[in-house]
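>>> Here is a sequence together with a model predicted from it:
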There are 2 protein chains.
Amino acid sequence: MCDRKYAILGTGALGGFYGAKLQKAGLDVHFLLRSDYEHVSQYGLLIESKEGDFTLSQVNAYQYVEKMPQCDVVVVALKTTQNYLLPELLPPIVKDGGVVLVLQNGLGIEEEIAQIVGNVSIISGLCFLCSNKVGQGHIRHLDYGLITLGEYVPGYHSVGITDRMQQIADDFSSAGIAIELAEDLLLARWKKLVWNIPYNGLSVILNATTDELMADVYTCRLVEQLMFEVAAGANSYGRNIPDSFIQKMLDYTLKMKPYRTSMKIDYDACRPLEVEAIFGNPLRKARAAGINLLQISCIYDQLKFLDTKNQRQY
Amino acid sequence: MCDRKYAILGTGALGGFYGAKLQKAGLDVHFLLRSDYEHVSQYGLLIESKEGDFTLSQVNAYQYVEKMPQCDVVVVALKTTQNYLLPELLPPIVKDGGVVLVLQNGLGIEEEIAQIVGNVSIISGLCFLCSNKVGQGHIRHLDYGLITLGEYVPGYHSVGITDRMQQIADDFSSAGIAIELAEDLLLARWKKLVWNIPYNGLSVILNATTDELMADVYTCRLVEQLMFEVAAGANSYGRNIPDSFIQKMLDYTLKMKPYRTSMKIDYDACRPLEVEAIFGNPLRKARAAGINLLQISCIYDQLKFLDTKNQRQY
């Protein structure tokens, strides 16, 4: 194994799962926790997974970044709604010349992080994972797990596959995590939005699962139109998402088991929604490039209303 | 008083209210009823109104059009979702050379009625009325009551103010109902949609009252954008809705008491929604004129989904 030290910011359904896999594979992993800190520092982490359940009875658990060692790779596995915390969390723990690995959906996140940390690389991983936190330090991995890695440079120029990406890919692969390498991070991010924008948005607004949205001729059409608007947004940055990719996403979702999207799960739990990262930033990016994505804008306004109302109730 | 005979198709919150006012003023009115037939033929109609409560202990109540006399003016006060019944209801009761008076929202309704009846005039009345049916033959008039009348000719050319419009206006005025005469029915219909499309649509989709929609910066913006799309639709038929009219509707709604729209009331009662008349027809009309109203289309698809699901539950 290598000697790269990993920090996991946000030990939830996603960060907890990947971090535990890395530690199980022998890597040196340090977990930041909030609500689960007491429990996890005493009992460790329990992962239920279709790939095999396992327990880590001892983990390096921290309540505050000040106590954490500086790490080669700092994995950001928070919800984007908590990114306002990053100026406080990141600088103390990322090594000079290290990597911030962003496991978050949406657009524009790397630019925000680049403002916070200096001499580090920013690599993003788009996760295709179904898992839930079902109790304190207790994560249930339901399906999938693939991460698509891409490296950020200012202006989102395509940088191809770098050595740093390859090193991280090797670590994750050694832990049994499927990895794909993307030469063009911005294209990968817009492609992820092709699925996230219609299904996350409509599932919350219409209180619906993916199969319900696909079974109705009107919402099925709306999903497709929203996907084409995402492709138009990508196109405004010179990124081409072919029609065949949209068709693949539709076909794939049709075949999926009934699925409650992550945004719907957040909504039902009265947690803040990642509306800005997934909807607001793409809209603003496209608008800056001269394109008005009218239907996504409609969904965005509706989600902002529902999110505010939901938070107020909570 | 004149000797015009009136038929009321649909003796509910709207048809029952206006019909009762006409009878109270001395006109000869004949009411078609379904569920309330037994009760109303025995006990008549009870109107509670801020303009004064009154009872009509005897009304001409009918369960079937076959028993009704032919009338000079047949008032269509059904929901548009029941317009599939009109080919059966209208021909037996409208006098040759008579008038069909359509008190319904939406677009394209006159064209459908013109297919059904031959030598009659079609006049439409856009009602600005808050009333509810609160029991059998029992209507509660909450506020307003103005009707804007306009006459239909094929192609929706503006025909100005006709004698027939004036006669009906006189009858309604004599019954204490406020009447406005519109020279251009199509313009009047699009103007009504400026309010109906955003508020009816969003109130159902977002489970919200008008004041909630206006208090949130995002839905307030979306309302305004939808209004501008309606104006673009009108414009595609050469009808100009000035920005000042949109501003007036926004200001007016801001000042209204919290209001649950009629479509939301229908939705909450699991009744079919008037989606086609209010959203589908304007969309198709605009599309036929080469304009794609993207945000209204988004709202339409969402409403179609919710309407179907709501009916299935019922």
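In hand now; what should we look at?
>>> Which residues of the stretch 101-250 of chain A lie near chain B?
Applying the criterion CB under 8 Å from any CB of the partner chain, the portion of the stretch 101-250 of chain A that neighbours chain B consists of A:202, A:205, A:206, A:208, A:212, A:213, A:216, A:218, A:219, A:221, A:222, A:225. Yep, even glycine has a C-beta here, placed from its N, CA and C like the rest.
>>> So what's the residue count around the residue nearest to residue A:82 when sequence neighbours are not counted?
The spatially closest residue to residue A:82, leaving aside those adjacent along the chain, is residue A:10, at 7.4 Å (CB to CB, 6 or more residues apart in numbering or on different chains). Applying other CB atoms under 10 Å in any protein chain shown, we find 23 other residues in the vicinity of residue A:10.
>>> Return the subset of the residues of the stretch 101-250 of chain A next to chain B lying in helices.
Residues of these located in helices (DSSP state H): A:202, A:205, A:212, A:213, A:218, A:219, A:221, A:222, A:225.
>>> Of the residues of the stretch 101-250 of chain A next to chain B, keep whichever come out buried.
Among those, those buried by neighbour count (16 or more other CB atoms under 10 Å in any protein chain shown) are A:202, A:205, A:206, A:208, A:212, A:213, A:216, A:218, A:219, A:222, A:225.
>>> any chance of those residues in CSV, with distance to residue B:52 and pLDDT too?
Putting those into CSV (distance: CB to CB, whole Å; pLDDT from 0 to 100) gives the following:
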residue, distance to residue B:52, pLDDT
A:202, 48, 98
A:205, 44, 98
A:206, 44, 98
A:208, 47, 98
A:212, 49, 97
A:213, 50, 98
A:216, 47, 98
A:218, 45, 98
A:219, 47, 98
A:222, 48, 98
A:225, 51, 98
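>>> Report how many residues lie close to residue A:303.
Residues contacting residue A:303 under the criterion other CB under 10 Å number 27.
>>> Over to residue A:299?
27.
>>> ok, it - contacts?
Neighbouring residues of residue A:299 by CB atoms under 8 Å, 6 or more residues apart in numbering or on different chains: A:197, A:201, A:202, A:205, A:226, A:279, B:298.
>>> now, the most widely separated pair of the buried ones among the residues of the stretch 101-250 of chain A next to chain B?
Using CB to CB, those span at most 17.6 Å, a distance reached by A:212 and A:225.
>>> For chain B, see how far away residue A:110 is.
Separation of residue A:110 from chain B (CB to the nearest CB, to the nearest Å): 26 Å.
>>> swap that for residue A:122, please
Plainly put, residue A:122 is 30 Å away from chain B if you go by CB to the nearest CB.
>>> Is that residue located within a helix, as I assumed?
No. The secondary structure assignment for residue A:122 gives strand rather than a helix, going by DSSP: H, G, I helix; E, B strand; the rest coil.
>>> Spatially, which residue comes closest to it, not counting chain neighbours?
Residue A:122 sits nearest to residue A:152 (CB to CB, 6+ apart), 4.2 Å away.
>>> ok, the one you found touching residue A:120?
No. Between residue A:152 and residue A:120 no contact is recorded; they are 10.5 Å apart, counting by CB atoms under 8 Å.
>>> All the helices of chain A, residue numbers only.
For chain A, applying DSSP H gives helices covering A:15-24, A:37-43, A:86-93, A:109-116, A:163-174, A:185-205, A:210-215, A:217-235, A:243-255, A:262-268, A:275, A:281-288, A:294-313.
>>> Including distance to residue B:264, could those go into CSV?
What follows is those, written out as CSV (distance: least, CB to CB, whole Å):
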stretch, distance to residue B:264
helix A:15-24, 41
helix A:37-43, 45
helix A:86-93, 41
helix A:109-116, 38
helix A:163-174, 50
helix A:185-205, 15
helix A:210-215, 21
helix A:217-235, 19
helix A:243-255, 30
helix A:262-268, 21
helix A:275, 24
helix A:281-288, 28
helix A:294-313, 15
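>>> among those, which is nearest residue A:68?
Between residue A:68 and these, the shortest separation by CB to CB is 4.9 Å, and it involves helix A:86-93.
>>> relative to helix A:109-116, how tilted is that closest one?
Taking axes from the mean of the first three to the mean of the last three CA atoms, to 10 degrees, helix A:86-93 and helix A:109-116 form an angle of 60 degrees between their directions.
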